[in-house]
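Student: Need coordinates for the following:
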Amino acid sequence: APPPSPRGAQLRIGDAGTIVMSNLGYFQLPTRPGAHDLRLRPGRTQQVYRIAAPAADLDGVFESVARAVLLAEEDDARDDAKEEKNAADDDDSVSAEVTVSSWNGRVLRLLLARRPGMEHEDVLEEASHPGNEKEGRPGGPGERVLGWWGAVTSRFFAARDGARSAAVVLDSDAASSSASSDTEDALETIHVFSVASGHLYERFLKIMMLSVRRHTSNPLKFWFIKNWLSPRFKDFLPHIAAEYGFEYELVTYKWPTWLNRQTEKQRIIWAYKLLFLDVLFPLTLDKIIFVDADQVVRADLRELWEMDLRGAPYAYTPFCDNNKEMEGYRFWKSGFWKNHLNGKPYHISALYVVDLARFRRTAAGDQLRVIYEQLSQDPNSLANLDQDLPNYAQHQVPIHSLPQPWLWCESWCGNETKAAAKTIDLCNNPMTKEPKLLGAARIVHEWPSLDKEVRAFTDSVERRIYGEARTETPQERAAREAAEKAAANGDSPRDEL
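Tutor: This next block holds a predicted model:
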């Protein structure tokens with residue numbers, strides 16, 4: 001049976017694209033004020049669906065429910081002549097004009113209808129009957145669509161056969177640069193995603209970018225969620241991108257009003273790492289690697305980029321098991337987690353690869369949001385949201401386990417495996433609670449030199465932009481001086497790269 005909403009249908013406005021969620025048939029697109037052409041994306045979406053009616057303001061829909069009910073039978077009994085007239089105007093069946101009149105955006109209702117012969121097709125699957133494309137001529141005789149009563153009820157319930165509705169938020173804040181193109185060059189570019197908030201993590205983020213660039217020969221493009229980046233960091237990005245030779249793009253997604261919202265900033269950031277992976281990036285982007293801001297990369301990410309995920313939509317590294325001092329903190333080895341995992345490993349969320357094409361095709365984002373909505377009602381669940389959610393959901397959304405060397409952190413991994421580490425993460429140590437800035441130079445041999453290079457470049461850029469560099473905080477100064485003293489005294493371990 002087809003899904004009760006047009007989940008998986010792909011829509012575009014200009015260069016921006018998105019998919020319709022199964023959650024209430026919701027979708028969201030960025031655009032600027034003005035008149036725009038909202039279109040079904042060519043391909044499978046246009047084969048299965050057509051736009052059955054002009055977009056309408058959601059706020060006014062409920063006021064017209066009574067009138068829509070009275071007209072429902074008339075709408076369902078459209079004669080074949082009118083349907084064939086609609087079919088003649090093929091452009092109208094795949095596009096709708098929308099007007100955004102303010103920077104606050106607009107909330108609209110869009111009605112989609114299945115084409116004849118596509119009543120039982122899932123837009124996320126390949127055509128099950130090769131002849132469907134010809135049989136499904138838009139607007140042909142026998143096609144039936146719902147009136148606005150169907151559009152209203154399907155916002156909360158499944159609509160009757162033949163029509164589906166979708167809600168849209170048109171975000172007036174457009175993306176900062178053009179989306180990826182469907183070219184061979186774009187496929188050769190390795191795409192890296194990260195998040196940061198605050199000057200300390202922006203400092204870590206610069207070092208992470210530099211370490212990736214140093215070890216990866218492929219073209220690189222970094223993607224950042226712009227919600228929490230400081231204005232100074234945004235001003236700095238074009239300069240470091242030009243200096244070290246990579247592209248970047250800032251993305252955002254407004255938290256849907258129907259999804260249970262987190263209130264703490266850290267938990268909101270954790271949620272953004274996972275809940276909107278299917279809609280955060282351009283539809284032309286088929287794969288991305290998440291790297292934590294406080295991570296140093298020591299290997300070529302091309303190896304990770306080309307890794308076979310064995311059919312899973314994403315891949316994480318399991319927690320290390322060889323630092324026996326931390327055994328009492330491995331909560332996943334007992335109680336609820338041991339029973340729930342049922343032999344599956346518990347993975348760390350500091351590094352993961354996402355096959356976005358498969359992630360979208362399997363509706364993994366919809367499944368994660370449904371599970372999140374259920375679990376997040378309990379304030380005691382999802383303590384580590386960005387880790388607990390994908391690990392809990394493994395039975396519905398499988399995880400491919402990356403080889404252990406792809407993520408090493410001192411808290412959980414023994415020193416005997418450090419030399420083989422392809423990335424080192426400055427993960428929190430629940431035993432010592434050592435500040436990350438203090439531990440960085442001690443844990444990562446190359447960190448002081450990377451930090452020195454990044455700080456010198458940052459100072460030069462900020463002097464050009466603002467006339468002066470940002471003053472170091474007392475905490476940053478104390479941590480830097482402690483790290484420099486430790487390095488001068490030979491206290492920093494000399495591990496091999």
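Student: alpha carbons only for contacts and neighbour counts from here, please
Tutor: Noted.
Student: and Met118, that's in a helix?
Tutor: No: under DSSP: H, G, I helix; E, B strand; the rest coil, Met118 sits outside any helix and is assigned coil.
Student: Count the neighbours of it for me.
Tutor: By other C-alpha atoms under 10 Å, 22 other residues sit near Met118.
Student: Find the nearest non-adjacent residue to it, please.
Tutor: Val48 (5.7 Å; C-alpha to C-alpha, 6 or more residues apart in numbering).
Student: Need the contact partners of the helix or strand that Ile269 is a member of.
Tutor: Secondary structure from DSSP states H and E places Ile269 in helix 265-272. With C-alpha atoms under 8 Å, 6 or more residues apart in numbering as the contact definition, helix 265-272 has outside contacts at 195, 261-262, 385-386.
Student: Which strands and helices lie in contact with the longest helix seen in the chain?
Tutor: Determined from DSSP state H, the single longest helix within the chain is helix 447-466. If contacts are counted by 3 or more C-alpha pairs under 8 Å, 6 or more residues apart in numbering; DSSP states H and E, helix 447-466 sits against helix 199-215, helix 231-244, helix 436-443.
Student: Could you export the ones you listed to CSV, including columns for mean neighbour count, distance to Asp366 and mean pLDDT?
Tutor: Formatted as CSV, the helices and strands packed on helix 447-466 follow (neighbours: other C-alpha atoms under 10 Å; distance: least, C-alpha to C-alpha, whole Å; pLDDT from 0 to 100):
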stretch, mean neighbour count, distance to Asp366, mean pLDDT
helix 199-215, 20, 30, 96
helix 231-244, 14, 31, 96
helix 436-443, 20, 35, 88
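Student: Those helices: which one's closest to Glu453?
Tutor: Closest approach to Glu453 among those is made by helix 199-215 (8.9 Å; C-alpha to C-alpha).
Student: Figure out how far that closest one is from the centre of its chain.
Tutor: Remark: helix 199-215 is offset 20 Å from the chain centroid, using C-alpha atoms, centre = their mean, to the nearest Å.
Student: And for the residue nearest to Asn429 when sequence neighbours are not counted, the neighbour number?
Tutor: Nearest non-adjacent residue to Asn429, counting by C-alpha to C-alpha, 6+ apart: Ser411, 5.2 Å away. By the criterion of other C-alpha under 10 Å, Ser411 has 19 neighbours.
Student: Out of the contacts of helix 265-272, which comes closest to Gly245?
Tutor: Val195 (20.2 Å).
Student: Tell me the spacing between the closest one and Tyr372.
Tutor: 20 Å (C-alpha to C-alpha, to the nearest Å).
Student: Equivalent analysis for Lys324, please.
Tutor: In terms of C-alpha to C-alpha, Lys324 sits 32 Å off from Tyr372.
Student: likewise Val251?
Tutor: From Val251 across to Tyr372, the span is 22 Å (C-alpha to C-alpha).
Student: pLDDT below threshold where in the protein?
Tutor: Low-confidence segments of the chain (pLDDT under 70): 1-4, 58-92, 126-187, 469-497.
Student: Could you check which of Val251 and Tyr372 is surrounded by more residues?
Tutor: Between Val251 and Tyr372, Tyr372 has the larger neighbour count (other C-alpha under 10 Å), namely 23 against 19.
Student: quick revisit: distance to Val461 added to the helices and strands packed on helix 447-466, as TSV?
Tutor: Shown next, in TSV, are the helices and strands packed on helix 447-466 (distance: least, C-alpha to C-alpha, whole Å):
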stretch	distance to Val461
helix 199-215	13
helix 231-244	7
helix 436-443	23
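Student: out of the ones you listed, nearest to Ala315?
Tutor: Comparing the helices and strands packed on helix 447-466 under C-alpha to C-alpha, the one sitting nearest is helix 199-215, at 18.8 Å.
Student: Remind me what the closest one packs against, helices and strands.
Tutor: helix 231-244, strand 295-297, helix 447-466.
Student: List the buried residues in the longest one.
Tutor: Along helix 447-466, these residues count as buried under the neighbour rule (16 or more other C-alpha atoms under 10 Å): 447-448, 450-451, 454-455, 458-459, 461-462.
Student: could you give the angle of it to helix 199-215?
Tutor: 110 degrees (axes from the mean of the first three to the mean of the last three C-alpha atoms, to 10 degrees).
Student: Any idea how far helix 447-466 is from the middle of the chain?
Tutor: Distance, centroid of helix 447-466 to centroid of chain: 30 Å (C-alpha atoms, centre = their mean).
Student: thinking again about what came up before, quick one: work out the angle between the longest helix of the chain and helix 231-244.
Tutor: Going by the same axes, to 10 degrees, helix 447-466 makes 110 degrees with helix 231-244.
Student: hang on, the earlier thing: any chance of the buried residues of helix 447-466 in JSON lines with distance to Gly335 as columns?
Tutor: Shown next, in JSON lines, are the buried residues of helix 447-466 (distance: C-alpha to C-alpha, whole Å):
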{"residue": "Trp447", "distance to Gly335": "38"}
{"residue": "Pro448", "distance to Gly335": "41"}
{"residue": "Leu450", "distance to Gly335": "42"}
{"residue": "Asp451", "distance to Gly335": "42"}
{"residue": "Val454", "distance to Gly335": "45"}
{"residue": "Arg455", "distance to Gly335": "46"}
{"residue": "Thr458", "distance to Gly335": "48"}
{"residue": "Asp459", "distance to Gly335": "50"}
{"residue": "Val461", "distance to Gly335": "52"}
{"residue": "Glu462", "distance to Gly335": "52"}
